[in-house]
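In: here is a sequence with its predicted model. Questions after.
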Amino acid sequence: MPAAGHHKEHDHTHDHAHGSSCRAEPAEILRRAEDLCREKSVQFTALRREVLDAVVHSEKPPGAYDIAERLSRPGRRVAPVSVYRALDFLTELGLVHRIASRNAFVPCAHAHGSAENVVFLICKTCGGIDETTSPEMESGLGKTLKRAGFTPSHSILEVEGDCGACRDKERRQG
């Protein structure tokens with residue numbers, strides 16, 4: 001199973017030479033969720049816990065309908081709208097991120113600062129998704145936004161390409 005914060009469909013080792021990646025064990029992410037909910041005096045309901053658990057333990061980033069199907073069983077149908085509400089809650093707390101290009105969700109192991117931009121590196125070959133931050137990108141984007149007179153509420157950048165492992169594999173085969 002991939003580490004939380006790094007999602008892939010195929011097993012291979014990645015060499016990460018970029019910024020700080022967002023990684024943690026599933027139990028750490030659930031513990032962080034419990035702590036955050038206690039801190040903010042909000043309920044970490046059974047459904048919210050189940051949805052977070054489904055995202056954390058998925059082999060690839062799931063969509064809301066995938067999660068609803070996974071949580072449903074005979075005698076208990078979980079509606080996608082309920083899953084979307086739980087995902088909205090988890091996103092607001094910074095426990096999951098939405099990958100817009102995939103309409104899917106990934107867990108996040110740490111809180112991002114208000115000025116911290118998240119960069120998702122999406123491998124088009126293996127489907128791996130890695131999360132990182134970049135002070136250089138934050139600085140450049142900040143300057144660009146200031147020039148445009150634009151104040152973002154949040155910023156997530158998705159970059160699609162080939163990860164190092166897939167590139168290395170292709171070189172060895174080619």
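Out: That came in fine, so what should we check first? Residues are numbered from 1 along each chain as shown.

In: when you work out contacts or count neighbours from here on, use the C-alpha atoms and nothing else.
Out: Fine.

In: ranges for the helices of the chain?
Out: 26-40, 46-57, 64-71, 80-92, 135-148, 164-173 (DSSP state H).

In: how about low-confidence regions in this structure?
Out: Within the chain, the ranges that satisfy pLDDT under 70 run 1-24, 109-116.

In: at 80 what do you get?
Out: Scanning the chain for pLDDT under 80 picks out the ranges 1-24, 109-117, 153-155, 174.

In: residue 31 versus residue 108, what's the distance?
Out: 12 Å (C-alpha to C-alpha, to the nearest Å).

In: equivalent analysis for residue 159, please.
Out: 30 Å.

In: now for residue 39: which residues touch it?
Out: Under the criterion of C-alpha atoms under 8 Å, 6 or more residues apart in numbering, residue 39 has no neighbours.

In: returning to what we had before: out of the helices of the chain, which is the most enclosed?
Out: helix 46-57 (a mean of 20; mean count of other C-alpha atoms under 10 Å).

In: tell me the centre residue of this structure?
Out: The C-alpha lying nearest the average C-alpha coordinate of the chain belongs to residue 106 (C-alpha atoms, centre = their mean; 2.7 Å).

In: surely that one and residue 56 touch.
Out: Yes. Between residue 106 and residue 56 a contact is recorded at 7.1 Å, counting by C-alpha atoms under 8 Å.

In: so what's residue 56 up against?
Out: With the criterion set at C-alpha under 8 Å, 6+ apart, residue 56 makes contact with 4, 26, 29, 106, 107.

In: same thing with residue 49?
Out: Counting by C-alpha under 8 Å, 6+ apart, residue 49 has contacts residue 30.

In: look up how far residue 139 lies from it.
Out: Going from residue 49 to residue 139 by C-alpha to C-alpha gives 36 Å.

In: how about residue 107?
Out: 25 Å.

In: quick check: bridge partners of residue 73?
Out: Here residue 73 sits in beta bridges with residue 76, going by DSSP bridges.

In: how many neighbours does it have?
Out: Residue 73: 10 surrounding residues under other C-alpha atoms under 10 Å.
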